[in-house]
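[1] Coordinates for the following, if possible.
(one chain, ligands or ions: 1)
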Amino acid sequence: LLLLRRPGRVCEPLPPGPPPLPLFGNLLDFTLRELWLRVTSQWAQKYGDLVYLRIFGQGILFLNSVEATMEILEKRGAMYADRPQTVMLSELCGCDNIVAFSRYGSTHYRQQRRLLHTALAPSSIPAYQPLIIAEVFDFLRRLLDSPERYVDHIRRYTGSQSMSIAYGYKVAEDNDPHIRGAEEAIDIIANHILGTPGDVWLVDLCPALKLLPTWAPGTGFRRKAAAWKSKIEKCANDPFEWVKECMSAGTATPCYCTRLLDEEAGSGTVNKQYESDVKWTAHAMYLASIDTTLALLTHFVLAMVRNPEVVRNAQEEIDAVTGGSRLPTHDDRGALPYVNAIMSECMRWTCPVPLGLPHKATENDVYEGMFIPNGTLVFANIWKMTRDPTLFPNPEAFIPERYLEDVDEATARLRDPRNYIFGFGRRRCTGTHLVESYLWLAIACTLATFDFAKATDADGNDIEPQPQYLDASFRLPTLFPCIIRPRSENAAQLVHESLAA
Ligand code: HEM
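    The predicted structure follows:
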């Protein structure tokens, strides 16, 4: 009897959820397009704060309230700090080296988190500001030259910003080899290795298959994995080797890698594992920042196109500080509360990773009388939290003013989207302070120099931008037509002068 009373399992039921089919479980209940809408408007509505599903026997739990998320992922964080591991992703393709996929508690994971924490702490960010400013100026110049290609410019901005901060590397004008490699690595991981929910590698269901020799029939996955692994490693190695060569030649630009390598060299010799951890974290910075920042900045454009009065208010505020004779700088941030509010609203309204990344339970647990089995994959429904009408009245509307209301500290904390969009607990995003810096400057400088309008059709009627969302994990809008043009001759001049400076 004592054995049967393992904590939780005998008495407590699993959290509620749509009934599973035999073998396939809830596979058919999933959708690849905007899964967060289904989780929110169908499952959370019907089943409540915790919704439990299964795919091929793998338990999946959605947390649909701030309270449940804080209790489970923050307070009990140590039990929910792991990530799902699969033979294909982690072992055969070597992605366990990438911090976002690493096992919690492994030596390299602990070391990598520590490196990211140190080098991306608030006190470290000012050191990257010259690099950030140069990339913002480059972005403005591209927007001025070909505004209709705004998505390409945003994508390049996020990529070159990461390359610059991680490696001090200035991305080539076109077809940069490191950017190409990094894009390929993202494509391999997202579209080929991970694929879609329900795309399961046979070797993940039957790990013994990995022991078969490569000539055996049905082992094509081994050859694919080997090719992908070497591409991913090359993409991490190449820019890192480039920094090391520059450091030896005394030509390196101070950046994330130089800082960490110099620090370690100062305290003795740099050991191989340390060097490998610096290399993989620099690589992770690119992977982790690209789609998230792209989602945020394209939504910024969308919000500005749809809300001309927000643009006007921001421009008035900026002009009052800069006199229209210079671009805003990080030092102006305290004097630009409306621009700060626009950035907060962009974070909330975009909600770049609506269901976060999966945390894996490493123990059996019970929450409010419901059993959460060891091994369950737990997703926080960030989308629902950022659309809570009690915290954010009229949540679908873009309203920066909501952050300017005079509220007590606890309410301000609850309404700060930064407490949701970067995830929770021990796996919370490590790039938050960096994002804060490079996103703010891009937003402030773009508002200072550009106007936004809806595109018009042949009869001169406005075309309402109505983007679609096709991605399963990131909230990336499809391209929408719009007009972006310099506010004035003077604004265009400021962009030209910034580059000359
Ligand atoms: C707007 C931009 C960004 C958003 C919205 C965002 C959001 C997130 C989210 C939701 C997670 C998962 C957290 C969890 O599991 O609970 C995450 C993880 C992570 N992010 Fe970000 N992120 C952004 C930019 C960045 C940048 C610029 C970096 C660069 C350093 C970065 C580095 C990471 C890393 C390394 C992880 C994995 C952490 C771990 O598994 O321990 N992120 N991010």
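[2] Please make it C-alpha for all contacts and neighbour counts, starting now.
    Fine.
[3] how far is stretch 427-434 from where the chain is centred?
    With Cα atoms, centre = their mean, to the nearest Å as the basis, stretch 427-434 stands 9 Å off its chain's centre.
[4] quick one: terminal-to-terminal distance for that stretch?
    This stretch, stretch 427-434, spans 17 Å end to end (Cα to Cα, to the nearest Å).
[5] buried residues in it?
    Residues of stretch 427-434 classed as buried under the neighbour-count rule (16 or more other Cα atoms under 10 Å) are 427-431, 433-434.
[6] Is there contact, residue-wise, from that stretch to the ligand?
    Yes: with Cα under 6 Å from any ligand atom as the criterion, the ligand is reached by stretch 427-434 at 427-431, 434.
[7] ok, and what's touching that stretch?
    Applying Cα atoms under 8 Å, 6 or more residues apart in numbering, the contact partners of stretch 427-434 are 81, 100, 113, 116-117, 120-122, 125, 285, 289, 359, 422-423.
[8] Looking at those residues, state which has the most neighbours.
    Ranked by neighbour count under the definition other Cα atoms under 10 Å, these are headed by H359 with 27 neighbours.
[9] Next, that one: phi, psi?
    When read as degrees, to the nearest 10, the backbone of H359 gives phi -100, psi 150.
[10] do I372 as well
    phi -110, psi 110.
[11] where's the spatially most central residue of the chain, which helix or strand?
    When Cα atoms, centre = their mean is applied to the chain, the residue found nearest the centroid is T292 (3.6 Å). Per DSSP states H and E: T292 is located in helix 272-306.
[12] ok, now I132?
    helix 129-145.
[13] Out of the residues of stretch 427-434 next to the ligand, which is nearest to P15?
    Among the residues of stretch 427-434 next to the ligand, R427 lies closest to P15 (Cα to Cα), at 23.4 Å.
[14] Verify the contact between the residue nearest to the centre of the chain and P477 for me.
    No: with contacts counted by Cα atoms under 8 Å, T292 stays clear of P477, the gap being 11.6 Å.
[15] So what touches the helix or strand containing R38?
    Using DSSP H and E, R38 sits within helix 35-38. Applying Cα under 8 Å, 6+ apart, the contact partners of helix 35-38 are 354-355, 381, 383, 472.
[16] Next secondary structure after the helix-or-strand element of the chain with minimal mean pLDDT?
    Least confident helix or strand of the chain, by mean pLDDT, DSSP states H and E, is helix 202-205 with a mean of 78. The first helix or strand that comes after helix 202-205 along the chain, using DSSP H and E, is helix 220-249.
[17] among the contacts of stretch 427-434, which are within reach of the ligand?
    Answer for these near the ligand (Cα under 6 Å from any ligand atom): 100, 285, 289, 422-423.
[18] Surely P16 is in a helix?
    No: under DSSP: H, G, I helix; E, B strand; the rest coil, P16 sits outside any helix and is assigned coil.
[19] Just to check, it is in contact with D49?
    No: P16 is beyond contact range of D49, at 9.5 Å (criterion: Cα under 8 Å).
[20] Report pLDDT for the spatially closest residue to L140 that is not a sequence neighbour.
    Nearest residue to L140, sequence neighbours excluded (Cα to Cα, 6 or more residues apart in numbering): V495, at 6.4 Å. pLDDT for V495: 95.
[21] V495: what's it in contact with?
    Neighbouring residues of V495 by Cα under 8 Å, 6+ apart: 137, 140-141, 144, 449.
[22] Now name the helix or strand holding it.
    helix 489-500.
[23] Dump that helix to CSV, keeping only the CA atoms.
    The C-alpha trace of helix 489-500 is given here as CSV (Å, rounded to 0.1, in the frame of the first residue of the first chain):
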residue,chain,number,x,y,z
GLU,A,489,14.2,66.5,-45.9
ASN,A,490,15.7,67.2,-42.6
ALA,A,491,14.9,63.7,-41.3
ALA,A,492,16.5,62.1,-44.4
GLN,A,493,19.5,64.4,-43.9
LEU,A,494,19.8,63.2,-40.2
VAL,A,495,20.0,59.6,-41.5
HIS,A,496,22.8,60.5,-44.0
GLU,A,497,24.7,62.5,-41.4
SER,A,498,24.5,59.6,-38.9
LEU,A,499,26.3,57.4,-41.3
ALA,A,500,29.0,59.9,-42.0
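[24] how much space is there between the nearest residue to the residue nearest to the centre of the chain once chain neighbours are set aside and L296?
    In space, and not counting its chain neighbours, T292 is closest to P352: 5.4 Å by Cα to Cα, 6+ apart. Look at P352 and L296: by Cα to Cα, they are 6 Å apart.
[25] again with A78
    30 Å.
[26] Between those two, which has more neighbouring residues?
    Set A78 next to L296 and count neighbours by other Cα under 10 Å: L296 wins out with 24 against 17.
[27] Run through the residues that contact the more buried one.
    With Cα under 8 Å, 6+ apart, L296 has these contacts: 346-347, 350-352.
[28] cool, and E345?
    398-400, 403, 417.
[29] how much space between it and the ligand?
    12 Å (Cα to the nearest ligand atom, to the nearest Å).
[30] Check whether that residue sits in a helix, strand or coil.
    What three-state DSSP gives for E345 is helix.
[31] give me the low-pLDDT residue ranges for the stretch 351-500 of the chain?
    Applying pLDDT under 70 to the stretch 351-500 of the chain flags residues 500.
[32] do the same with the stretch 101-250 of the chain
    For the stretch 101-250 of the chain, the stretches flagged by pLDDT under 70 are 195-199.
[33] Show me what from it comes close to the ligand.
    So the stretch 101-250 of the chain never meets the ligand (Cα under 6 Å from any ligand atom).
[34] for the record, mean pLDDT for stretch 324-337?
    Rounded mean pLDDT across stretch 324-337 is 97.
[35] Contacts made by that stretch with the rest, please.
    Contacts of stretch 324-337 (Cα under 8 Å, 6+ apart): 317-318, 321-322, 340, 404, 437, 441, 444-445, 448, 491, 494, 498.
[36] buried stuff in that stretch?
    Buried residues in stretch 324-337 (16+ other Cα under 10 Å): 324, 326-328, 333, 336-337.
[37] Tell me which two in these are the farthest apart.
    R326 and P337 (18.4 Å).
[38] what's the closest non-adjacent residue to A361?
    Y80 (4.5 Å).
[39] can you redo the buried residues of stretch 427-434 as TSV with secondary structure?
    TSV is the format used below for the buried residues of stretch 427-434 (three-state DSSP):
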residue	secondary structure
R427	helix
R428	coil
C429	coil
T430	coil
G431	coil
H433	helix
L434	helix
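[40] Go back to the contacts of helix 35-38 and keep what's next to the ligand.
    Counting by Cα under 6 Å from any ligand atom, no member of the contacts of helix 35-38 reaches the ligand.
[41] Tell me which entries of the residues you listed lie within helices.
    Among the contacts of helix 35-38, the members found in helices (DSSP state H) are W383.
[42] neighbour-wise, which of the contacts of helix 35-38 leads?
    N381 (29 neighbours).
[43] how much space between that residue and T449?
    Taken as Cα to Cα, the span from N381 to T449 is 36 Å.
[44] Go through the ones next to the ligand among the contacts of stretch 427-434 and name the one nearest Q466.
    Nearest to Q466 among those, with distances taken as Cα to Cα, is S289, at 24.9 Å.
[45] Contact partners for the closest one?
    S289 is in contact with 158-159, 162, 431, counting by Cα under 8 Å, 6+ apart.
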